[in-house]
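K.L.:
requesting a structural model of the entry that follows:
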Amino acid sequence: MKAIWNNQVIAESDDTVVVESNHYFPPDSIKREYFQGSQTTSTCFWKGQASYYSIVVDGKKNEDAAWYYPEAKEKAKNIEGRIAFWRGVEVVE
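P.N.:
Here you go, the predicted structure:
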């Protein structure tokens with residue numbers, strides 16, 4: 001699977017985990033140079049508290065376009081630390 005934004009592959013892996021139609025990529029599969037930490041958080045009642053990354057490619061910023069669960073709840077341990085995408089990031093095979 002590949003995550004693409006602004007015509008750039010920002011993550012690539014053959015080891016994604018699908019939860020609620022989202023592919024969660026392993027942390028070592030993202031191209032860190034395109035990711036900026038964010039102060040944004042949100043809470044899922046069964047997965048836990050999510051943290052976010054903004055994605056910057058060629059000077060364009062996609063605010064909070066990736067999220068992950070640094071400390072997932074028990075039922076979501078299989079995605080703990082993995083990164084998923086939205087806000088126009090295309091995930092394709």
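
K.L.:
so Asn78, which of the three states?
P.N.:
helix (DSSP: H, G, I helix; E, B strand; the rest coil).

K.L.:
how about it: what's its closest non-neighbour residue?
P.N.:
Spatial nearest neighbour of Asn78, excluding adjacent residues (C-beta to C-beta, 6 or more residues apart in numbering): Val17 at 5.6 Å. From N, CA and C alone the C-beta is placed, and that goes for glycine too.

K.L.:
hey, what's that neighbour bridged with?
P.N.:
Here Val17 sits in beta bridges with Tyr24, going by DSSP bridges.

K.L.:
distance of Lys60 from Phe35?
P.N.:
According to C-beta to C-beta, to the nearest Å, Lys60 and Phe35 sit 14 Å apart.

K.L.:
what segments of the chain are strands?
P.N.:
Using DSSP state E, the strands of the chain run over residues 2-5, 8-12, 17-19, 22-24, 35-44, 48-57, 60-68, 83-85, 90-92.
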